[in-house]
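Asks: prediction below, plus the sequence it came from.
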Amino acid sequence: MERIAKVLNLRRLLVLIIGLIAGLVFWEYGVVWANIPDYILPAPSQFFNRFYETLPLQVEPLGITATTTLLGLALAVILGVLLALLVVYVRPLKFLILPFLAAFNGIPKVAIAPLFVIWFGLGDEPKILLAFLMALFPIFVNAVTGLNEIEPDMINLARLFGGSEFRIFRKVRLIHALPHLTDALKVAFPLALVGSVVGEFIGGNRGVGYLILSAQFNLDTPLVFACLLAITIFTSAGIGFVVIIEELAFAWRPSRRQ
């Protein structure tokens, strides 16, 4: 509990809340002062009220989007770590896998999303694939960094004490890589969510992305902002969960001792 309280840091949290409230107050009265129509930019009170009114309507779409996001993220973690292991232990593959993934990561996923819809239809598969592709590269790069960038003296010392390659992997490389993977998850999780929502925009018939498109079609801008608020809460909760796990499991990291 002490460590969790340290993560939350009440003073920092208070400053964040005060800043957020000040920004919302400025937005609320700025919209009224500028006489901006609701369908262009609703006041916070309007979309917060819309969020409350439509909460039962949003639960199922958010659950669908969360499922495709987490499945894509899980696939990215599995394949990203496996590819990182190949790169670390089979050195020649580094010059094949790394350039290929870097080049593929440069392709805008929005451009290939219609292809997934053509190949796999309007089901969940295109969304899971897009979430997977968006999350793969940061996980792979951080896994390679964590597994590979270890002081040679540490590896040599482990071998000197009779450690096998598997034992060195488990006791040295893996322990060193896990904090890098949690750092990667904080980046990959929002990217996977973006991939899932983009898939729903392009070829979906359910999910938060589809609900946002429906609201836009009906000029229900407060509902669009209510959906964005739901997505923000989900993303913040996911990253917060990773941060708490990181604090509880990796308190030995130098950055956590400060």
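Replies: Looks like it came in fine.
Asks: burial count for Val15?
Replies: 11 (other CB atoms under 10 Å). Just so you know, the C-beta spots here come from the backbone N, C-alpha and C atoms, and that holds for glycine as well.
Asks: so in this structure, which helix runs the longest?
Replies: helix 55-89 (DSSP state H).
Asks: now the element after it, going C-ward?
Replies: For helix 55-89, the following helix or strand on the C-terminal side (DSSP states H and E) is helix 94-105.
Asks: can you give me the buried ones in that following helix?
Replies: Neighbour counts over helix 94-105 (16 or more other CB atoms under 10 Å) mark Ile97, Leu101 as buried.
Asks: that helix packs against which elements?
Replies: helix 55-89, helix 125-148 (3 or more CB pairs under 8 Å, 6 or more residues apart in numbering; DSSP states H and E).
Asks: average pLDDT for the first one?
Replies: When you say that, I think you mean helix 55-89. Across helix 55-89, the average pLDDT comes to 89.
Asks: residues contacting the residue nearest to the spatial centre of the chain?
Replies: Against the mean C-alpha coordinate of the chain, by CA atoms, centre = their mean, the closest residue is Phe189 at 1.3 Å. Phe189 sits next to Thr69, Leu73, Ala135, Thr235, Gly238, Ile239, Val242 when contact means CB atoms under 8 Å, 6 or more residues apart in numbering.
Asks: that one sits in which helix or strand?
Replies: helix 174-203.
Asks: can you point out the buried residues in that helix?
Replies: 176-177, 179-185, 187-203.
Asks: same deal with stretch 81-95?
Replies: Neighbour count says stretch 81-95 has Val81, Leu83, Ala84, Leu85, Leu86, Val87, Val88 buried, by 16+ other CB under 10 Å.
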